[in-house]
Each structure stands twice: as C-alpha cells, then as structure tokens.
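Participant: Please find the sequence and the predicted model below.
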Amino acid sequence: DSGVTQTPKHLITATGQRVTLRCSPRSGDLSVYWYQQSLDQGLQFLIQYYNGEERAKGNILERFSAQQFPDLHSELNLSSLELGDSALYFCASSVEGTSGAQISSYNEQFFGPGTRLTVL
Amino acid sequence: GQNIDQPTEMTATEGAIVQINCTYQTSGFNGLFWYQQHAGEAPTFLSYNVLDGLEEKGRFSSFLSRSKGYSYLLLKELQMKDSASYLCAVRSWGAGRRALTFGSGTRLQVQP
C-alpha cells in the first residue's frame, strides 16, 4: 500500500459525459501528479500540482482539467468523454522540494491504485 | 523534448539473470527511476540513479551512464513473480517541468 488513495476504482460511463476522479496523496506529500495509461501504452503525464498550484502540464487535453484543494487532495475532471479516453488513470504523490531548489533525495513518486475508466 | 527507449518484451528463465536496457535523450537531467508494474496495478518504485555507477538493492541493481544517456536494470535470481512490466523514467529540470517522463515499458516474462 503506497498510501495514495484513488476513488472510484472503476467507472463506466457513456460518450459525451463528464466524470471526476479523486486522489488523496500520502500524508505530508505536497505534489500530486496525474497520468493516463491506455491499453498497451506507457504512462502519459497529464498534469502536476504542488501545494494547490499547477506546477507542470503534459499532454493534457483541453477537455480535461484538474485542481488541488487546500487539504491537498486532487480531482481530475474529464468532460465530453470519447471512446479513446478509456484508460487507467493514476495519481501519484511526492514530497517535492521547495520551488527552485535542486532535489537531492530520491523524491520518488508513489502511485495510487488507479481508476479504470471505461467509456461506452 | 525527451525520448526514452527500452525493449518492448523480454523473456527469461526462473533463477537466471536479466538485464533491461534504457536509453534516453533529455536536457536538464535530474535522475532516472525504474518502476515495476504488474498488469492492471500501480507502478511501484524500484530504484533511482542520479550519479554514474551501479546502485544495488537486493536482487535488483540499476546502472547509469549520464554521458551515454544509458541505464540498465539488472534482475538476479529471477522468480516467477518478477513477471511484470519494467518502466524506465527520467526526471528533468526545465521551466515548470519536474514530472517524470516514462518509457513505454519492457514486459518481462519469466518462464519455469
């Protein structure tokens, strides 16, 4: 158990719908990352939040958005869903250093169990 | 941009040793991670290299050569439970970029 929780575990919905995925990071971790993993594909970085602010953006579609709340949990919102959005969505957390500081420790990311989204 | 290459699939025998290679191209290199991922499960951290050389951790070792943009993960005394995908990931510094870029993963099949 990594200490990162994600809900729901499974989600089945129809095209055109909107869903919200939730992630609670490990206690003490300030950074949250969202990844998408489609069938037989690698992990694609979507977006990172650090202490409530957007830190980095990857290949995130405009139909997708995220936020991190004061209690550090994060939500990923997916709208106007398409069949191709079916994937495993992982959230990860890390301690992360202060802004601009070189991280000298591992600072590895700990992954949650993922949410499997199926769009029919 | 960043580019990470690793073999798609490998097969090895229980009890043997296997080496999974990873080559990368990036600017602002700040560490290379190896993760293990069983099908349908979350990736779990295996190792981290930021300086050249070998890091050993039980049956798993990871090597890094920054000048060559090359790393490998060495798995010794293979067990059936080692059948999984192994993901190489690079962390780099840049304007606003602190996330990891993952390779597509190497699916390892351990046979009896």
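Facilitator: Sure, I can see it.
Participant: For residue A:28, which non-adjacent residue is spatially closest?
Facilitator: Among residues not flanking residue A:28 along the chain, residue A:95 sits closest, at 6.6 Å (CB to CB, 6 or more residues apart in numbering or on different chains). No exception for glycine: its C-beta is placed from N, CA and C like everyone else's.
Participant: ok, the one you found - how many residues close by?
Facilitator: 17 (other CB atoms under 10 Å in any protein chain shown).
Participant: What lies in contact with the lowest-mean-pLDDT helix or strand in chain B?
Facilitator: Within chain B, no helix or strand scores below strand B:100-102, which has a mean of 88 by mean pLDDT, DSSP states H and E. With contacts defined as CB atoms under 8 Å, 6 or more residues apart in numbering or on different chains, strand B:100-102 is touched by A:33, A:35, A:42-45, A:109, B:2, B:4, B:26, B:33, B:35, B:87-92.
Participant: do that again at 10 Å, thanks
Facilitator: A:33, A:35, A:37, A:41-45, A:48, A:58, A:92, A:94, A:108-109, B:1-4, B:6, B:24, B:26, B:31-33, B:35, B:37, B:43, B:87-92 (CB atoms under 10 Å, 6 or more residues apart in numbering or on different chains).
Participant: Can you pull up the residues of chain B that come close to chain A?
Facilitator: B:4, B:6, B:8, B:30-31, B:33, B:35, B:37, B:40-48, B:50, B:85, B:87-89, B:91, B:93-105, B:107 (CB under 10 Å from any CB of the partner chain).
Participant: Give me the helix or strand of chain A that scores worst on average pLDDT.
Facilitator: Lowest on mean pLDDT, DSSP H and E among the helices and strands of chain A sits strand A:53-57, with a mean of 89.
Participant: And the strands in chain B?
Facilitator: B:3-5, B:9-13, B:18-25, B:29-37, B:44-49, B:53-57, B:60-65, B:70-75, B:84-92, B:100-102, B:106-111 (DSSP state E).
Participant: out of those strands, nearest to residue A:68?
Facilitator: strand B:100-102 (17.9 Å; CB to CB).
Participant: Hmm, residue B:75 and residue B:60 touching each other?
Facilitator: Yes - Residue B:60 is within contact range of residue B:75, at 5.9 Å (criterion: CB atoms under 10 Å).
Participant: Can you check which residues contact both of these two?
Facilitator: Going by CB under 10 Å, 6+ apart, residues that sit against residue B:60 and also against residue B:75 are B:36, B:46, B:82, B:86.
Participant: Least confident of those?
Facilitator: Among the shared contacts of residue B:60 and residue B:75, residue B:46 has the lowest pLDDT, at 94.
Participant: and that one, how many residues sit next to it?
Facilitator: The burial count for residue B:46: 17, using other CB under 10 Å.
Participant: now it: how far from residue B:14?
Facilitator: As judged by CB to CB, to the nearest Å, residue B:46 and residue B:14 stand 19 Å apart.
Participant: next one: residue B:108
Facilitator: From residue B:108 across to residue B:14, the span is 12 Å (CB to CB).
Participant: Sketch out the low-pLDDT regions of chain B for me.
Facilitator: Low-confidence segments of chain B (pLDDT under 70): B:1, B:94-98.
Participant: make it 90
Facilitator: Scanning chain B for pLDDT under 90 picks out B:1-3, B:26-30, B:40, B:57, B:91-101.
Participant: go on, chain A?
Facilitator: The model of chain A has pLDDT under 90 over residues A:1-2, A:28, A:39-42, A:55-59, A:94-109.
Participant: One more pass at 80, please.
Facilitator: For chain A, the stretches flagged by pLDDT under 80 are A:40-41, A:96-107.
Participant: which residue sits closest to the residue sitting nearest the centre point of it, ignoring its sequence neighbours?
Facilitator: For chain A, the residue nearest the mean C-alpha position is residue A:34 (2.2 Å; CA atoms, centre = their mean). Nearest residue to residue A:34 in three dimensions, chain neighbours excluded: residue A:46, at 4.3 Å (CB to CB, 6+ apart).
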